[in-house]
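S.K.: Build me a model from this:
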Amino acid sequence: MITLALPRQRSATVTAFGIVGFAAAVAAASQIALPIPGTPVPFTLQPMLVVLAGMLLGPTAGATSMLLYLAAGAAGLPVFTPIGLPGIARFFGPTGGYLLAYPAAALVSGLLASKATSLGGRWFAATIGIVVIFVGGLTQLMVLNQSLTRAVQLGITPFAALDLVKAFIAATISGPRIARKPD
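M.R.: Got it, this is the predicted structure:
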């Protein structure tokens, strides 16, 4: 019987380009930020790209790409949304919790997607990754507003439905895969 073995390993060079590419893609997505009335958190496509990084690069490389993105922003490069404080100060503002959750979200979505062989499984992986981002954002907003209810109103309610759509798009883009061992 003849079987076709698909390569499961990427070269280090391809992985490095993927890490830098996704960090750059998240930085580019941050520049298109739509302010939402009544909340300091803008609408962006960043969460979709964060989970997609984990799903396409794998959990370790996906998380590494988000760490690179955060390091670039902390160093003062203009990679964060144009709305808000510059550089490392952004981590202490209303969107800081979301940003700091990016590496964990890429890791979680990458781990879950590595076991998913269906669109539904990939959608679940992407959705849980976005939930990780919400938990980070909610925690920061709760500290800043001293109210869980207010934090939910500002940081989850305006975004939840659209983020389910973003998760579905990420699941679709990540394409069908044979379950593989996470990196």
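S.K.: now what about the helix or strand harbouring Gly54, what contacts it?
M.R.: Following DSSP states H and E, one finds Gly54 within helix 46-57. By Cβ atoms under 8 Å, 6 or more residues apart in numbering, the surrounding residues in contact with helix 46-57 are 15, 18-19, 22, 25-26, 29-30, 61-63, 65-66, 98, 102, 105-111, 113, 122, 125-126, 129-130, 133, 163, 166-167, 169-171, 173-174, 183. From N, CA and C alone the C-beta is placed, and that goes for glycine too.
S.K.: most residues in a single helix of the chain, which one?
M.R.: helix 119-145 (DSSP state H).
S.K.: Skip ahead from that one and say which helix or strand is next.
M.R.: Counting by DSSP H and E, what follows helix 119-145 is helix 148-155.
S.K.: and that next one, what does it pack onto?
M.R.: Judged by 3 or more Cβ pairs under 8 Å, 6 or more residues apart in numbering; DSSP states H and E, the packing partners of helix 148-155 are helix 119-145.
S.K.: any idea how far the residue nearest the centre of the chain lies from Pro37?
M.R.: The geometric centre of the chain, computed from its C-alpha atoms, lies nearest to Val50 (Cα atoms, centre = their mean), at 2.2 Å. The gap separating Val50 from Pro37 is 25 Å, by Cβ to Cβ, to the nearest Å.
S.K.: same deal with Pro176?
M.R.: For Pro176, the distance to Pro37 (Cβ to Cβ) stands at 40 Å.
S.K.: So which of those two has more stuff around it?
M.R.: Per other Cβ atoms under 10 Å, whichever of Pro176 and Pro37 has more neighbours is Pro176, with 11 against 5.
S.K.: ok, of the contacts of helix 46-57, which come out buried?
M.R.: The neighbour count (16 or more other Cβ atoms under 10 Å) marks 15, 18-19, 22, 25-26, 29-30, 61-63, 65-66, 98, 102, 105-111, 113, 122, 125-126, 129-130, 133, 163, 166-167, 169-171, 174, 183 as buried among the contacts of helix 46-57.
S.K.: Show me the shaky parts of this protein.
M.R.: Residues of the chain meeting the criterion pLDDT under 70: 1-9, 177-183.
S.K.: Would you work out how far apart the start and end of stretch 68-86 are?
M.R.: 17 Å (Cα to Cα, to the nearest Å).
S.K.: Report all helices and strands that the strand or helix carrying Thr64 contacts.
M.R.: Following DSSP H and E, one finds Thr64 within helix 59-74. Contacts defined by 3+ Cβ pairs under 8 Å, 6+ apart place helix 59-74 against helix 12-30, helix 46-57, helix 96-113.
S.K.: Direction-wise, compare the last one with helix 12-30 and give the angle.
M.R.: Spelled out, that is helix 96-113. Computed by axes from the mean of the first three to the mean of the last three Cα atoms, to 10 degrees, the angle separating helix 96-113 from helix 12-30 equals 140 degrees.
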